[in-house]
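>>> Sharing a model that was predicted from the sequence below.
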Amino acid sequence: MLTDLSLAAQRELDYKVRFLRLALWLVVLTAGLLGIYRLVVTPLMSMVNMLIVVVSLFCLFLLKRRPEQVERIANLALGAVFVGASLVYLFLHDNTVRIGVFFPFVAGAFYLQGARIGLRWLLAVVAMILAGHLLPWFPDAYSTFEITAACLYLSILFAVLYNFEKVRSEHLEQEKQLENIAHFDTNAYSTFEIAAACLYLSILFAVLYNFEKVRSEHLEQEKQLENIAHFDVLTGVPNRMLLADRLAQALARTKREQGLMAVCYLDLDGFKSVNDNFGHEAGDQVLVEVTRRIKETIREDDTVARLGGDEFVLLLVGLQAPEECVSSLHRLLLAINQPVQLREKSLRISASIGVSLYPEDEQDADTLLHHADQAMYIAKQSGKNRYHLFDAKNDQRARSHHALLQQIRHGLQHGEFELYYQPKVDLAARRMVGAEALIRWHHAQRGLLQPEEFLRVIENTELEIELGNWVIASACAQLRQWRQDGHDVEVSINISAYHLQSADFINTLRDEMQHCCPRPCHRCLQIEVLETVALEDIARVGEIIKTCREFGVGFALDDFGTGYSPLTCLSKLEVDALKIDQSFVRVMLEEKGAHAIVQGIIGLAHAFDRTVVAEGAEHAAHFQALLEMGCPIVQGYGISKPMPASALLEWSAREWPATPA
């Protein structure tokens with residue numbers, strides 16, 4: 001019996017020696033190769049690998065000299081491998097397979113130390129894995145799911161090894177009870193043991209394989225989620241989120257290299273019509289094709305991102321001069337404008353690009369994008385299929401412009417505007433025959449403002465129509481008040497071309513005229529239209545004038561003589577009066593040409609049976625000359641400056657001298 005026990009013990013000892021020797025040589029080989037590889041990349045971890053090699057070689061030396069001390073040598077080897085594997089796991093977070101080192105370690109610990117000690121090593125490994133994942137001091141690239149799966153598979157591995165060892169021990173016990181035990185080769189395993197070992201090795205491989213499979217799947221899901229979060233699904237280029245990171249990196253690089261970079265905001269021209277005419281599938285095809293062309297045009301270091309719809313942002317980095325950006329933009333516009341084939345139809349599409357240059361426009365990332373966006377809209381307004389460079393000075397003017405628009409809107413809502421009235425006088429009859437309403441703004445900080453200080457900024461905007469409608473309503477309200485008080489005063493107002501030709505102008509004017517006077521009046525409200533405006537679209541303006549005259553509104557051609565085609569105006573426009581431009585009246589006494597023009601306009605007015613008014617009459621000599629030429633009605637500072645409505649009737653009732661002063 002003692003002989004049987006000694007033979008079994010010797011066989012177990014030989015088995016452990018062979019196993020440990022093979023394991024140590026594998027550790028020397030793998031740790032040595034990794035140490036050489038990491039020598040340049042991570043010198044510190046290279047030293048750890050080399051230390052493991054040294055300890056393993058020392059263990060091999062001891063194993064050769066003292067094989068009977070295999071238990072102690074195994075403890076030393078396991079401790080060294082555990083320390084090395086733990087350091088790799090804790091600090092080499094870029095190594096995605098580092099957790100796999102613990103699997104063969106647990107197997108080795110089990111075979112060398114048995115189930116009881118092997119379980120302790122397993123618990124130590126699990127504790128190390130959890131500590132590296134949960135404690136904040138160590139970088140960790142594994143997810144909670146992967147850590148949980150690793151601990152589970154390590155437990156399964158231990159269970160497999162434990163069952164294998166249990167079956168093997170039972171089989172050995174049976175062998176010892178056989179009578180012919182002396183005839184067995186004590187250094188060899190039985191067929192049953194070999195078959196069981198192969199089976200359990202297969203199970204071990206399946207465990208490791210399934211762990212790894214569940215993990216290139218979890219990583220694939222993470223990669224897909226990352227792609228969805230950072231890349232545009234349709235075109236594959238960075239989306240808005242990743243663009244923010246790329247822009248921050250580009251700014252840092254530009255500052256570091258003291259170079260130049262361009263933030264380009266690109267919007268396709270007329271892309272909506274592609275979706276409307278060809279469908280969204282065709283629109284997606286266009287976006288993919290445009291993205292391909294952009295990527296082929298820009299350099300490898302540059303970035304193209306899609307914000308959504310047909311909006312893209314380009315980051316052109318490493319520029320040395322603005323001219324490099326300009327040449328890139330020319331190539332980009334040319335590439336995008338090439339034909340795109342859609343359903344056997346050739347389609348051309350263009351782009352408008354706004355550009356902000358850093359550090360010329362020394363702003364943060366968000367502001368650079370905003371400035372590029374602003375510049376893109378200017379490119380669209382300038383005709384499309386072009387680029388526009390953001391100009392800080394122009395932006396400041398635009399900001400001032402916007403602020404003034406807001407102030408005008410505020411003033412309109414809070415009653416800061418008022419109509420002043422400049423009288424028109426019949427010199428022959430020595431009486432006031434009407435007044436022109438002129439807008440004034442009581443600005444809270446700047447005081448009383450003249451029209452030229454604020455009207456230009458609202459040209460061709462909805463605010464111009466709002467202010468024009470206010471003028472109409474205010475003039476009609478004043479007319480109604482005067483008429484209720486028994487004063488028949490004709491009031492003329494100025495209407496811009498944009499307002500005159502707006503969709504609701506006629507209806508708005510008609511509604512105001514219905515409540516203008518308590519009793520019927522004819523031409524008590526007169527609209528002054530610039531002659532140059534009438535000539536731009538004489539047919540349309542003529543129809544508007546004709547329609548408005550039907551409900552009692554009169555019309556005058558203002559600044560008459562500056563359009564150089566008076567016969568056309570007089571023959572096609574049903575106007576009541578002509579107002580001679582003040583630039584002719586003021587110099588008519590000194591310049592023969594101006595005198596002839598004034599005389600000619602007066603003659604045309606008489607010939608076409610129109611009233612004629614001379615603006616800009618400043619001196620007594622002007623009054624006398626105009627009377628002699630047949631133009632008694634005058635308006636100008638020589639008669640009176642514009643005044644509030646409350647002062648007009650008082651002015652008109654005064655005693656007039658023979659010649660107005």
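In hand now; what should we look at? Residues are numbered from 1 along each chain as shown.

>>> hey, which helix is longest across this structure?
Using DSSP state H, we find that the single longest helix of the chain is helix 2-41.

>>> So which bits of that helix are buried?
7-8, 11, 16-17, 20-21, 23-24, 27-28, 31-32, 34-35, 38 (16 or more other CB atoms under 10 Å). Where C-beta positions appear, they are placed from N, C-alpha and C, glycine not excepted.

>>> which of those residues lies closest to residue 331?
residue 38 (44.6 Å; CB to CB).

>>> Grab the nearest non-local neighbour of that closest one.
residue 46 (4.0 Å; CB to CB, 6 or more residues apart in numbering).

>>> continuing past the longest helix of the chain, what's the next helix or strand?
helix 43-65 (DSSP states H and E).

>>> Between helix 2-41 and that next one, find me the angle.
160 degrees (axes from the mean of the first three to the mean of the last three CA atoms, to 10 degrees).

>>> Counting by contacts, list what helix 43-65 packs against.
helix 2-41, helix 70-91 (3 or more CB pairs under 8 Å, 6 or more residues apart in numbering; DSSP states H and E).

>>> who wins for proximity to residue 607 among those?
Across the helices and strands packed on helix 43-65, closest to residue 607 is helix 2-41 (CB to CB), at 99.0 Å.

>>> For the longest helix of the chain, the averaged confidence score.
Average pLDDT, helix 2-41: 72.

>>> remind me, longest strand of the protein?
strand 431-443 (DSSP state E).

>>> next SSE after it?
As assigned by DSSP H and E, the chain's next helix or strand after strand 431-443 is strand 447-449.

>>> Now that next one: buried residues?
Quick answer for strand 447-449 (16+ other CB under 10 Å): residue 449.

>>> Which strands and helices lie in contact with it?
strand 431-443.

>>> Could you pull up the mean pLDDT of the strand it packs on?
94.

>>> Kindly report the same for stretch 483-501.
90.

>>> re earlier: what's the longest strand of the chain packed up against?
helix 392-413, strand 417-426, strand 447-449, helix 462-484, strand 491-494, helix 645-652.

>>> For these, please prepare CSV with the additional fields distance to residue 79.
Output for the helices and strands packed on strand 431-443, formatted as CSV (distance: least, CB to CB, whole Å):
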stretch, distance to residue 79
helix 392-413, 67
strand 417-426, 91
strand 447-449, 90
helix 462-484, 82
strand 491-494, 98
helix 645-652, 104
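
>>> Now tell me which helix or strand of the chain has the poorest mean pLDDT.
None of the helices or strands of the chain scores lower by mean pLDDT, DSSP states H and E than helix 191-214, at a mean of 61.

>>> The helices and strands packed on helix 43-65: which one's closest to residue 391?
helix 2-41 (48.4 Å).

>>> Let me know whether my guess that residue 265 is in a strand holds.
Yes: according to DSSP: H, G, I helix; E, B strand; the rest coil, residue 265 belongs to a strand.

>>> was I right about it contacting residue 377?
No: using CB atoms under 8 Å, residue 265 is not in contact with residue 377, being 9.1 Å away.

>>> Identify the contacts common to these two.
Taking CB atoms under 8 Å, 6 or more residues apart in numbering as the contact rule, residue 265 and residue 377 both touch residue 354.

>>> Those two: which is more packed in?
residue 265 (28 against 14; other CB atoms under 10 Å).

>>> Which stretches in the stretch 451-600 of the chain count as helices?
462-484, 497-500, 505-514, 531-536, 538-550, 566-572, 582-587, 592-607 (DSSP state H, counting those that start in this stretch).

>>> Relative to residue 644, which of the ones you listed is closest?
Using CB to CB, the helices of the stretch 451-600 of the chain put helix 462-484 closest to residue 644, at 10.4 Å.

>>> In that closest one, which residues are buried?
For helix 462-484, by 16+ other CB under 10 Å, it's 463-465, 467-469, 471-472, 474-476, 478-480, 482-483.

>>> Relative to the whole chain's centre, how far out is that helix?
43 Å (CA atoms, centre = their mean, to the nearest Å).

>>> orientation of it relative to helix 392-413 in degrees?
Here helix 462-484 runs at an angle of 30 degrees relative to helix 392-413 (the same axes, to 10 degrees).

>>> looking just at contacts, which helices and strands does helix 462-484 meet?
Looks like helix 462-484 contacts helix 392-413, strand 417-426, strand 431-443, strand 491-494, helix 497-500, helix 505-514, strand 525-530 (3+ CB pairs under 8 Å, 6+ apart).

>>> Nearest to residue 331, out of those?
Residue 331 sits nearest to helix 392-413 of all the helices and strands packed on helix 462-484, at 25.7 Å, using CB to CB.

>>> circling back to that earlier point, any chance of JSON lines for the helices and strands packed on helix 43-65, columns distance to residue 309?
Formatted as JSON lines, those follow (distance: least, CB to CB, whole Å):
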{"stretch": "helix 2-41", "distance to residue 309": "44"}
{"stretch": "helix 70-91", "distance to residue 309": "46"}
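
>>> and residue 352, which of those helices is closest to it?
Among those, helix 2-41 sits nearest to residue 352 (CB to CB), with 47.4 Å.

>>> Which pLDDT value does the model give residue 175?
So, for residue 175, pLDDT stands at 60.

>>> so residue 148 is in which element?
Counting by DSSP H and E, residue 148 is part of helix 144-176.

>>> hang on, I meant residue 356
Going by DSSP H and E, residue 356 is in strand 350-358.
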